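Engineer: Pasting the sequence and the predicted coordinates here, then a few questions.
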Amino acid sequence: MKSPTELRRQVAFVLHAAEWVLGRPVRTVLDVGCGEGHWRPVLQAMRPSLRYDGVDPSEYAVQRFGSKRGLQLGGIESLDVLRLRPAYDLVVCCGMLNYLSATQFRRGVVQVARRTSGVAYLEIFSKGDAFEGDTNWPTPKPASWYRDVLATAGLRSVGMQCYVPDARTTAIARLERGW
């Protein structure tokens with residue numbers, strides 16, 4: 001669990017990166033695997049008019065925080081059947097992607113890509129990365145595997161765990177593109 005300071009720093013970085021790509025303030029955020037929706041209050045403190053939708057498979061989190069924080073029951077593979085906006089300025093998948101099987105990851109990132117109109121912040125650790133905390137997940141795959149799956153889904157790395165849909169790549173300098 002991140003400290004409040006670490007969370008604010010991470011949210012500020014991601015929010016500003018998305019706004020740089022968009023060339024305007026972020027208006028909509030989809031937080032996939034949001035848990036109790038910890039990003040929402042931080043995002044709304046920075047952008048009070050921002051529209052936030054959170055999705056999590058935990059019945060407990062959705063029952064306890066759902067109405068207060070805009071959460072609904074679901075997972076990364078069910079985005080296409082949930083009541084969500086067609087696209088979001090920012091899609092966040094933080095602290096959950098490494099728990100997915102390879103099949104779940106492949107299916108899920110396709111649905112994330114379809115919802116991303118600006119930036120997707122995808123916290124992914126690959127084989128050989130140093131990471132701390134809960135590592136009760138499948139063995140991470142090589143970075144090239146994740147890059148290939150994300151590219152097939154239509155997402156391109158622009159660094160620091162930020163990805164843009166193929167349609168946005170012309171706004172990104174070639175040197176910044178991770179491919």
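Structural biologist: That came through, no problem. The model shown is predicted, which means the values in this text are computed figures rather than measured ones.

Engineer: Please count neighbours and contacts with C-alpha atoms only from this point.
Structural biologist: OK.

Engineer: Tell me where the protein is predicted with low confidence.
Structural biologist: 170-171, 173-179 (pLDDT under 70).

Engineer: Okay, helices next: where are they in it?
Structural biologist: Using DSSP state H, the helices assigned to the chain run over residues 4-22, 39-46, 59-69, 102-115, 143-153.

Engineer: which outside residues touch the fourth one?
Structural biologist: Same thing as helix 102-115. Residues from elsewhere that reach helix 102-115, judged by CA atoms under 8 Å, 6 or more residues apart in numbering: 76-80, 85-88, 91, 97, 120, 149-150, 153-155, 165.

Engineer: For Ile172, find the nearest of the helices of the chain.
Structural biologist: Using CA to CA as the criterion, the shortest distance between Ile172 and the helices of the chain is 7.6 Å, found for helix 4-22.

Engineer: what packs against that closest one?
Structural biologist: Using 3 or more CA pairs under 8 Å, 6 or more residues apart in numbering; DSSP states H and E, the elements in contact with helix 4-22 are helix 39-46, strand 88-93, strand 116-122.

Engineer: Reformat the ones you listed as TSV; add mean neighbour count.
Structural biologist: Written out in TSV, the entries for the helices and strands packed on helix 4-22 read as follows (neighbours: other CA atoms under 10 Å):
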stretch	mean neighbour count
helix 39-46	17
strand 88-93	24
strand 116-122	25
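
Engineer: Figure out which of those is closest to Leu71.
Structural biologist: Across the helices and strands packed on helix 4-22 (criterion: CA to CA), the nearest stretch is helix 39-46, sitting at 9.8 Å.

Engineer: among the helices and strands packed on helix 4-22, which is nearest Asp31?
Structural biologist: With CA to CA as the criterion, Asp31 lies closest to strand 88-93 of the helices and strands packed on helix 4-22, at 4.7 Å.

Engineer: Packing partners of that closest one?
Structural biologist: Contacting strand 88-93 under the criterion 3+ CA pairs under 8 Å, 6+ apart are the following elements: helix 4-22, strand 28-32, helix 102-115, strand 116-122.
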